[in-house]
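Q: Structure, please.
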Amino acid sequence: MILIESTLGNVRDPQWVAALEGATIDWLELDQWEAQKSRLRKATLGEVELALSLDRNSHLHDGDVLIWDEAKRAAVVARITLREVMIIDLQEVVGEHVEKMVQTLFELGHALGNQHWPAVVKGTKVYVPLTVDKKVMNSVMKTHALPGVRHEFMPGSDVIPYLAPHESRRLFGGASDTPHSHHHASKDSHGHDHSHGHSHGHSHDHDH
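A: Here you go, the predicted model:
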């Protein structure tokens, strides 16, 4: 059992990009829920038993380097599997007459709010993480069948590049947030968070 109390860096860091070239990598695979824990015991794919004991309120990020053996040029790296994301495209709706556009957006907000699905709005796209089975989410969207509203599903890892760190945390609970994200989106320019609280019936907490 190897105790891990801190990380050495991230595979995206320039120094680690160079250091890991040609190196042997053993992966500690975590789902996004496991990645939020500061205390965890789990084996790597190479069957190395690890005991994670990070500072309280800290967690692993995808690509964090946990162990590095310079002599053997071998590393243990965290790999976090993120859930898929439903992407709702409103481009067609935005081009509609104002009254129709407002009605469609209101109905969409009502539909998502009733399900208590967290969401992030960027430009004309709404990002909603899979919190239930994909079939259920598809069914909800098809039931409402709002004109001009299109949706598709994408792997969470493919969505990350389009999100600011605080938006990633909204969708993935912090599991995807890397310490060196270079995407700085302003909340004042289409980066509005929309969270749906569970403690007040069907009320909606809007974090602007």
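Q: Show me the shaky parts of this protein.
A: Within the chain, the stretches with pLDDT under 70 are 173-208.
Q: now the longest helix along it: how far from the chain's centre is it?
A: When the chain is scanned for its longest helix (criterion: DSSP state H), the result is helix 98-115. Distance of helix 98-115 from its chain centroid, counting by CA atoms, centre = their mean, to the nearest Å, is 24 Å.
Q: Numbering from 531 from now on, please.
A: I'll keep to 531 as the first residue from here, and by that count the last item is helix 628-645.
Q: Put the alpha carbons of it into CSV.
A: Only the C-alpha atoms of helix 628-645 are listed here, as CSV (Å, rounded to 0.1, in the frame of the first residue of the first chain):
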residue,chain,number,x,y,z
VAL,A,628,-38.9,37.6,-30.0
GLU,A,629,-42.3,36.5,-28.7
LYS,A,630,-41.9,33.0,-30.0
MET,A,631,-38.3,32.8,-28.8
VAL,A,632,-39.2,33.9,-25.3
GLN,A,633,-42.0,31.3,-25.2
THR,A,634,-39.7,28.5,-26.3
LEU,A,635,-37.0,29.4,-23.9
PHE,A,636,-39.4,29.7,-21.0
GLU,A,637,-40.9,26.3,-21.8
LEU,A,638,-37.4,24.8,-22.0
GLY,A,639,-36.4,26.3,-18.7
HIS,A,640,-39.6,24.9,-17.1
ALA,A,641,-38.9,21.5,-18.5
LEU,A,642,-35.4,21.3,-17.3
GLY,A,643,-36.3,22.9,-13.9
ASN,A,644,-39.0,20.3,-13.3
GLN,A,645,-36.3,17.6,-13.6
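Q: bridging residues for T611?
A: Listed by DSSP bridges, the beta-bridge partners for T611 are D561.
Q: Let me see the contact set for the residue positioned nearest the centre of the chain.
A: With distances taken as CA atoms, centre = their mean, the residue of the chain nearest its centroid is F702 (3.4 Å). Shown in contact with F702 (CB atoms under 8 Å, 6 or more residues apart in numbering): Q562, L612, R613, P659, G686. For the C-beta atoms, the positions are set from N, CA and C on the backbone; glycine is no exception.
Q: with the residues you listed in mind, which one is nearest to D619?
A: Closest approach between the contacts of F702 and D619, by CB to CB: P659, at 16.5 Å.
Q: Sounds good, over and out.
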